[in-house]
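>>> Model the structure of this input:
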Amino acid sequence: TPFDLSSGGVVPGEGAVGLVLKRLKDAERDGDRVYAVIRGMGAASGTGAGLEAGTSDTNALAIERACAEAGVALQSIGWVETHGSGDSAEDAMEAEALARQFGPDRRFACQLGSSKTQVGHTGAASGLVSI
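Predicted structure coming up:
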């Protein structure tokens, strides 16, 4: 279970995800139902314990960059779909970054979720399975 101190680690899963992306103006022109709009993204890299691990600092920076690019205030976010793998080191780092951005000292909070609790860690599909 992600973010649980008694977690036994990552549970592997298998999955594939397909998305149909269209420019918003084209979808609106064509009368398509729009389920979501990608307004921005954020990334940061650092010297964590491996290629995927990162650090709490780089994760916090990625959150800041995503919000800045999308023009979204942190205070307006009510839900974060996390990486939340169940790996104690990864989860601790992610929890620290989230607490830094959304914690009590910021005087607002948001809900956290992780699709991995339902489907396992699906490798390359993990980032998209939560969509």
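
>>> ranges for the strands of this structure?
79-81, 111-113 (DSSP state E).

>>> right, so of those, which gets closest to S6?
Checking the strands of the chain against S6 by C-beta to C-beta gives strand 111-113 as the closest, at 17.5 Å. Quick note: C-beta positions are derived from backbone N, CA and C, even for glycine.

>>> Pairing partners for that closest one, with directions?
Pairing partners of strand 111-113, with direction, according to DSSP bridges: strand 79-81 (parallel).

>>> For the partner strand, give the mean pLDDT please.
For strand 79-81, mean pLDDT is 87.

>>> before we move on, what about stretch 19-28?
For stretch 19-28, the per-residue pLDDT averages 93.

>>> Check stretch 122-131 too.
So the average pLDDT for stretch 122-131 ends up being 75.

>>> distance between the ends of it?
Using C-alpha to C-alpha, to the nearest Å, the span of stretch 122-131 from its first residue to its last is 13 Å.

>>> Could you list the buried residues of that stretch?
Neighbour-count burial for stretch 122-131, with 16 or more other C-beta atoms under 10 Å as criterion, is recorded at T122, A125, S126, V129, S130.

>>> Ok, stretch 10-29 next?
Taking 16+ other C-beta under 10 Å as the neighbour-count basis, stretch 10-29 is seen to contain the buried residues V10, G13, A27.

>>> In the chain, mark out all the helices, start to finish.
With DSSP state H, the ranges of helices along the chain come out as 24-30, 56-70, 88-102, 116-119, 126-129.

>>> Thank you, goodbye.
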